[in-house]
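Peer 1: Dropping the sequence and predicted coords here.
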Amino acid sequence: MLLLFAAPRLIFPVGAFICHQRPERSFFFHGQQLPVCARCTGVYAGAALAVPAALIAAVALAPSRARRMLIAAALPTAITWTLEFAGVMPFSNVSRFTAALPLGFTAAWLVFAVLRRGKPDGMIR
């Protein structure tokens, strides 16, 4: 039980290397701030969801199609980030999380698909 409450304090400094960790942009669980913001949490949650999908679906993709898929998946995150940065529109943590899910899912799925095949033959299978 002690480890459950000590773990966030141990992991939080690691998250600082990849995330701003602003409290107002982070989720809290049992009163403890998660070690990354809502957007980063969405990327990681999407990546975690991609692993079972990548295990099941071995789809052949040309590299250009894989790039297009990744760009399309990044659009929701890019749009929400740009609108927030420009001061045009604020977004909630749930919106940031949801916009980042496709990016995490697609990136992890493509990486896993390449690693699963293990040979660079010009196609992601």
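Peer 2: Perfect, I can see it now.

Peer 1: I figured Pro35 was touching Phe12, is that so?
Peer 2: Yes - between Pro35 and Phe12 a contact is recorded at 4.7 Å, counting by Cβ atoms under 8 Å. (Glycine included, C-beta is placed from N, CA and C.)

Peer 1: Name the helix or strand for Gly46, please.
Peer 2: helix 38-56 (DSSP states H and E).

Peer 1: do the same with Phe97
Peer 2: helix 93-117.

Peer 1: Residues touching that helix, excluding its own?
Peer 2: Residues from elsewhere that reach helix 93-117 (Cβ atoms under 8 Å, 6 or more residues apart in numbering): 25-27, 37-51, 53-55, 58-59, 61, 66, 69-70, 72-74, 76-77, 79-80, 91, 120, 124-125.

Peer 1: If any of the residues you listed are buried, put those into a ChimeraX selection.
Peer 2: The buried subset of these, as determined by 16 or more other Cβ atoms under 10 Å, is captured in ChimeraX by this line:
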select :25,26,27,37,38,39,40,41,42,43,44,45,46,47,50,54,61,66,69,73,74,76,77,80,91,124
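
Peer 1: Can you tell me the closest non-neighbouring residue to the residue nearest to the spatial centre of the chain?
Peer 2: Geometric centre of the chain, nearest residue: Val43, 1.0 Å, by Cα atoms, centre = their mean. Spatial nearest neighbour of Val43, excluding adjacent residues (Cβ to Cβ, 6 or more residues apart in numbering): Gly104 at 3.7 Å.
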